[in-house]
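**Q** Fold the stuff below for me.
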Amino acid sequence: MTPTVAVIVTQRERFGMTEESLESLLEHTPDAEIIYVDGNSPKRVAKYLRDQAEAGRIRLIRKERFLTPNQARNIGLAAAEAEYVAFVDNDVVYTEGWLDKLVACAEETGADVVAPLTCQGLPAHSEIHHAGGDYAPGGDMAGFFEGDPELGRKFEEVMHGHAEPLAVWQDRLKRQETGMCEFHCALARRKLFDRIGPLDEKLYSTKEHIDFSMSVKSTGGSVWFEPSSVVTYVFPCRARPISVEDWPFFSLRWSNAYGKRSLDHFISKWNLRPNESYVASKQGIYMTRRLQGILIPMMRRVPLIGRKDAWAKKAARMMMAPERLVNAAWVARQDRRPS
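**A** Residues are numbered from 1 along each chain as shown. Predicted coordinates for the structure are as follows:
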């Protein structure tokens, strides 16, 4: 008997890719149940999703507030009754057979979690984002949970093949056990969550995929990489920019406060000893994402300043200090909203 699968779609950082991603999912995933968790998408996107639900193409769960990724995934997980769940973001495009190949890997290896070959950017399926990964120095995954945890665990995040052309890696890719999946796309056994519990909602915006993988590994489970299953995460770019209506959610997802809360909780929870430069780089990435995703595009819209890209970028950097204050106020406002 063919195992049942529920695909749980959640928003990663924006809503502008919703239709393109969902149409790709529907085209390449004909038989699975699709549970779409919509966290306060703009009116245009909300109407599109309602139309798909009314047409029987998806099962829609709408919340009138922004959701963190793990909040949304847990909502979808609670609604799923299939043997497997596939978590996917709303900015992913797919290839034929992507889901069947993940299920086949799980069935043949006994894996609790299976990660596909995740590519990034456009043209799709050409540049690697994640071909499996590790979080233990030197890839010593077996020894990561051994020893005295009171001394702190050394931590090193490695994404295999990241930002390299797929053609260069093609001959090196093989099905194998790996350290971690990514939530751009990951298949998991539904019964796994009876063992590890729901996803950790104290991880607001980052490291939730590594936390999940650690939870699986620390309870005796396994994560596998299946390169024959290929998907692509389409990050914001000139061809697929962040729209103005996406700015509120994007700025919340990549807020300094959400990032710090997530990273502090992650390090404390697992008693990690990451490299100081790693922590500094991760703490700095949130402002960088808002600079690139919001401030620079905003300045490009300003008459005269937007005429030259160098002017727009300089003006955007000058706006970084006041933007931090606005961002902090925006997070505080969301924190006061009832959950």
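
**Q** The helix or strand bottoming out on mean pLDDT in the chain packs against which elements?
**A** Lowest on mean pLDDT, DSSP states H and E among the helices and strands of the chain sits helix 141-144, with a mean of 77. If you count contacts as 3 or more CB pairs under 8 Å, 6 or more residues apart in numbering; DSSP states H and E, helix 141-144 packs onto no helix or strand. Any C-beta I mention is one placed from the backbone N, CA and C, and that applies to glycine too.

**Q** Buried ones in that helix, by neighbour count?
**A** Buried residues in helix 141-144, defined by neighbour count with 16 or more other CB atoms under 10 Å: 141, 144.

**Q** how about the CA coordinates for it, as PDB?
**A** Coordinates of each C-alpha in helix 141-144 appear next as PDB, following Å, rounded to 0.1, in the frame of the first residue of the first chain:
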ATOM      1  CA  MET A 141      27.800  13.700  14.000                       C
ATOM      2  CA  ALA A 142      28.100  10.500  16.100                       C
ATOM      3  CA  GLY A 143      30.200  12.200  18.800                       C
ATOM      4  CA  PHE A 144      28.200  15.400  19.000                       C
END
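
**Q** any residues touching that helix, and which ones?
**A** 134-136, 153, 179, 217 (CB atoms under 8 Å, 6 or more residues apart in numbering).

**Q** Now find how far off-centre it is within its chain.
**A** Distance, stretch centre to chain centre, for helix 141-144: 24 Å (CA atoms, centre = their mean, to the nearest Å).

**Q** Make residue 1 into 5 and carry on from there
**A** With the count now opening at 5, the last piece we talked about shows up as helix 145-148.

**Q** Inside helices: which ones of the contacts of helix 145-148?
**A** Under the assignment DSSP state H, the contacts of helix 145-148 contribute Lys221 to helices.

**Q** With pLDDT, distance to Ile298 and neighbour count added, can I get the contacts of helix 145-148 in CSV?
**A** Converted to CSV, the contacts of helix 145-148 look like this (pLDDT from 0 to 100; distance: CB to CB, whole Å; neighbours: other CB atoms under 10 Å):
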residue, pLDDT, distance to Ile298, neighbour count
Asp138, 94, 33, 20
Tyr139, 91, 30, 24
Ala140, 86, 35, 19
Arg157, 86, 35, 21
Gly183, 95, 33, 23
Lys221, 95, 36, 22
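
**Q** of all the contacts of helix 145-148, which comes closest to Thr292?
**A** Thr292 lies nearest to Tyr139 out of those, by CB to CB, at 22.4 Å.
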